[in-house]
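Peer 1: please find the sequence and the predicted model below.
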Amino acid sequence: MPRHEVVSPIPGVFYRRPDPGSPPFAEDGAAVTDDQAIGLVEVMKSFHQIPAGATGTVVEFLVGDEDEVDAGQPVAVVETA
């Protein structure tokens, strides 16, 4: 099956949940739509949602929660139908 790499649009800190008390946006194996958020990147106290970019199933996250990421760095893989 084809795979889509979800990349960070900007450098910053990657978060898998909207706030510490909430569940993650998506887990491995979760079905997602192209515009569904799978995480956030924070830079200078501004938070930017990262959409899946493809409809399918999250295969894996390539970075951990609160890891620093660069612009263009893959953060997750979505298997498309």
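Peer 2: Arrived safely, thanks for sending.

Peer 1: pLDDT below threshold where in this protein?
Peer 2: Scanning the chain for pLDDT under 70 picks out nothing.

Peer 1: once you drop chain neighbours, what's closest to residue 5?
Peer 2: Once flanking residues are discounted, residue 5 sits nearest to residue 74: 4.2 Å by Cβ to Cβ, 6 or more residues apart in numbering. For glycine as for every other residue, the C-beta is placed from the backbone atoms N, C-alpha and C.

Peer 1: residue 67 now?
Peer 2: Among residues not flanking residue 67 along the chain, residue 14 sits closest, at 5.3 Å (Cβ to Cβ, 6+ apart).

Peer 1: follow-up on the earlier one: neighbours around the residue nearest to residue 5, how many?
Peer 2: Residue 74: 14 surrounding residues under other Cβ atoms under 10 Å.

Peer 1: same question, residue 22
Peer 2: 9.

Peer 1: residue contacts, it?
Peer 2: Under the criterion of Cβ atoms under 8 Å, 6 or more residues apart in numbering, residue 22 has no contact partners.

Peer 1: now it, what's its secondary structure?
Peer 2: The three-state assignment at residue 22 reads coil, by DSSP: H, G, I helix; E, B strand; the rest coil.

Peer 1: and the residue lying closest to residue 2 once chain neighbours are set aside, bridged to which residues?
Peer 2: Nearest-residue entry for residue 2: residue 80, 4.8 Å, with adjacent residues in sequence omitted and distances by Cβ to Cβ, 6+ apart. Beta bridges link residue 80 to residue 56, judged by DSSP bridges.

Peer 1: which parts of this structure are helices?
Peer 2: Per DSSP state H, the chain carries no helices over any range.

Peer 1: one step back: against residue 8, how distant is the residue nearest to residue 2?
Peer 2: Residue 80 is 19 Å from residue 8, where distance means Cβ to Cβ, to the nearest Å.
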